[in-house]
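Q: model this:
(chains A and B)
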Amino acid sequence: MNKYMLLLFDKEESFEKMSPEDMQNEIREHMNWIEALGDKYDSGEPLLPEAKTIKGKDKVVTDGPYIESKELLGGFYIIKANSLEEATELAKGCPTLGLGGSIEVREVMKM
Amino acid sequence: MSTKLTYYDSKNIEHLFRQQSGKMFSILIRLFGFDNSTLIEDIVQETFLVAMKTWSVKGIPEQPEAWLMQVSKNKLINELKKRSNRTRLNEQFAGEKIEEKVEELFLDKEIEDSQLRALFACCNPSLSKKEQIMLTLKILSGFNDTEIGAALLTSPDAVKKAIYRAKKSIQEQHIDLNTLFIHEVPERINTVHTIIYLIFNEGYKRTSGNAVINEDLCFEASRLAILVAGIEGDHQSNTYALLALIYFSMARFPSRLNADGEMIELEFQDRSKWDMKLIQVGSAFLSKARNAIKLTKYQLEATISSIHCIADNYEDTNWKAIAICYEQLLNIEDNPIIEINHAVALSKWKGAKTGLNRLDVIEDKLTKPVKYLFYSAKASMLVQSQKYELAKSYYQIAYDLSKHEMDKRFISKKIQLCDRKGLRMN
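A: Modelled structure (predicted):
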């Protein structure tokens, strides 16, 4: 099986309207999804919104992601699947999508 | 901070975020007063956002409550380090050693105290009952405008405006949570009881709307009542009575609606679905309520509820005791629904004739909104007397007078029942 990285792009503005209860439900949905993935779940990390971008030989540093975007990379999961298609199907179950976010699915290169 | 994965027991932290939200809001209002809502809301919201993002991926930490409190405490201290926020603090906290004071505020005892202070401030007499309820749900229970709107059947926008007005009114009174409370207990505790009672009733009596929200309201009411029960004094037995009432009602929650979400009358509820554990807790609260100096509304209502809870079936209920409780309730509160319930209890205790006579006595006093209840009570007593034709006519009047779809469906089932029983008679 191959490893796939699911890059989670959050639609930040959808968080503003969430109540504490909504957020707790969101956690539950993620857990249910991870539980359903079983052995196919590998790992994941959440990312803080604060960021620096460094560019080019001159190492120009700017605050925030380089590209102005309403969607912010909020974290990633690594899952196992046999193909990009299967990984994409599995990623469709991720609750992040329910909040208007998007997911980029990338295969991890093998050595 | 432990990050041990516990994917499987998310059930036992149900409503944790709501509770923690209430705690954080209370602490922060105590620090900053009602004037800094945006700052306060940001700290609370950001705390939950961090939790949502990390727990979603990493699982629930071993001590979720402590985890959340630690994050909000850190955020708060960071905010305080920005000089501009210090000047916005309530006087007691404006000096040096602010971090020590913050640590103190996050002790369990102080958290409880802050919540009580905030609750008493929300029940400010200058606000309408509705504003008091909204503010309580917002600050103590972590409901957002949409959830409050769903709970009270009004638009989120209307909620937002009402809460804005309410906060402004409290701000104008320059209420400091640190001086308020202890000395105000005797006069304001009644309002606090009423607000908890109303929040509970919103959830319990309502059969339309969002079923989840309705149950949450009941849960919140019980949580607030337990909080208030910690305050010692003469009113304490009354708080226990309110708690007993809430628990007895919650025990019957699972049997109150059928699969279609329609209300099932007590008579036809499946008593095996009643939660015996909640009934036991309710009984314990009721016995603690017994040393009251005088009987109160909550004591009588809780007693009525307990009598229903311990009866094996509807017919074998101690109707005599219930009728007496209703009679005493009428001495406290002039309420047409209690009048009708009293008549129903009389009809069960002494027979349909007594009940019908009682209904005749109160008929003129009743206003239109409760007329349909009156006519269905009358019809049920006529069913009891096997006068099905006449009963059907009264049910039909009740049907025409009722406003809610649920009530109409309920009454039309009664009409069908009259038809069937009438046929069997002939």
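Q: and B:Glu333, what does it touch?
A: Taking Cβ atoms under 8 Å, 6 or more residues apart in numbering or on different chains, we find B:Glu333 in contact with B:Lys297. C-betas here are computed from N, CA, C, even on glycine.
Q: contacts for stretch A:24-34, please.
A: A:18, A:41, A:93-95, A:98-99, B:7, B:10, B:13, B:15-18, B:51-52, B:55-57, B:59-60.
Q: name the residues of stretch B:248-262 that are buried.
A: In terms of neighbour count (16 or more other Cβ atoms under 10 Å in any protein chain shown), stretch B:248-262 has its buried residues at B:Phe248, B:Ser249, B:Met250, B:Ala251, B:Arg252, B:Phe253, B:Ser255, B:Arg256, B:Leu257.
Q: and for stretch B:290-302?
A: Quick answer for stretch B:290-302 (16+ other Cβ under 10 Å): B:Ala292, B:Leu295, B:Thr296, B:Lys297, B:Tyr298, B:Gln299, B:Leu300, B:Glu301, B:Ala302.
Q: please save the CA atoms from stretch B:368-385 in PDB.
A: C-alpha atoms of stretch B:368-385 as PDB (Å, rounded to 0.1, in the frame of the first residue of the first chain):
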ATOM      1  CA  LYS B 368     -59.000  31.600  24.800                       C
ATOM      2  CA  PRO B 369     -55.500  30.100  24.600                       C
ATOM      3  CA  VAL B 370     -56.300  27.400  27.100                       C
ATOM      4  CA  LYS B 371     -59.800  26.700  25.900                       C
ATOM      5  CA  TYR B 372     -58.800  23.700  23.800                       C
ATOM      6  CA  LEU B 373     -57.200  22.200  26.900                       C
ATOM      7  CA  PHE B 374     -60.400  22.700  28.800                       C
ATOM      8  CA  TYR B 375     -62.500  21.100  26.100                       C
ATOM      9  CA  SER B 376     -60.200  18.100  25.800                       C
ATOM     10  CA  ALA B 377     -60.300  17.600  29.500                       C
ATOM     11  CA  LYS B 378     -64.100  17.800  29.400                       C
ATOM     12  CA  ALA B 379     -64.200  15.300  26.600                       C
ATOM     13  CA  SER B 380     -61.900  12.900  28.400                       C
ATOM     14  CA  MET B 381     -64.200  13.000  31.500                       C
ATOM     15  CA  LEU B 382     -67.100  12.300  29.200                       C
ATOM     16  CA  VAL B 383     -65.200   9.300  27.800                       C
ATOM     17  CA  GLN B 384     -64.700   8.200  31.400                       C
ATOM     18  CA  SER B 385     -68.500   8.400  31.800                       C
END
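Q: buried set for that stretch?
A: Applying 16+ other Cβ under 10 Å to stretch B:368-385 flags B:370-384 as buried.
Q: same check, this time on stretch B:389-405
A: B:Ala391, B:Lys392, B:Ser393, B:Tyr394, B:Tyr395, B:Gln396, B:Ile397, B:Ala398, B:Tyr399, B:Leu401, B:Ser402.
Q: let's see the pLDDT reported for the third one.
A: So the one you mean is B:Ser393. The per-residue pLDDT reported for B:Ser393 equals 95.
Q: for stretch B:146-158, output the C-alpha coordinates as PDB.
A: Provided in PDB are the C-alpha atoms of stretch B:146-158 (Å, rounded to 0.1, in the frame of the first residue of the first chain):
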ATOM      1  CA  THR B 146     -28.500  30.400  16.000                       C
ATOM      2  CA  GLU B 147     -28.900  27.900  18.800                       C
ATOM      3  CA  ILE B 148     -30.700  30.300  21.100                       C
ATOM      4  CA  GLY B 149     -33.000  31.200  18.100                       C
ATOM      5  CA  ALA B 150     -33.700  27.500  17.600                       C
ATOM      6  CA  ALA B 151     -34.400  27.100  21.300                       C
ATOM      7  CA  LEU B 152     -36.800  30.000  21.600                       C
ATOM      8  CA  LEU B 153     -38.200  29.800  18.100                       C
ATOM      9  CA  THR B 154     -36.900  33.200  17.000                       C
ATOM     10  CA  SER B 155     -34.400  34.400  14.400                       C
ATOM     11  CA  PRO B 156     -30.700  34.500  15.200                       C
ATOM     12  CA  ASP B 157     -30.800  38.200  14.200                       C
ATOM     13  CA  ALA B 158     -33.500  38.900  16.800                       C
END
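Q: that concludes my questions; thank you for your assistance.
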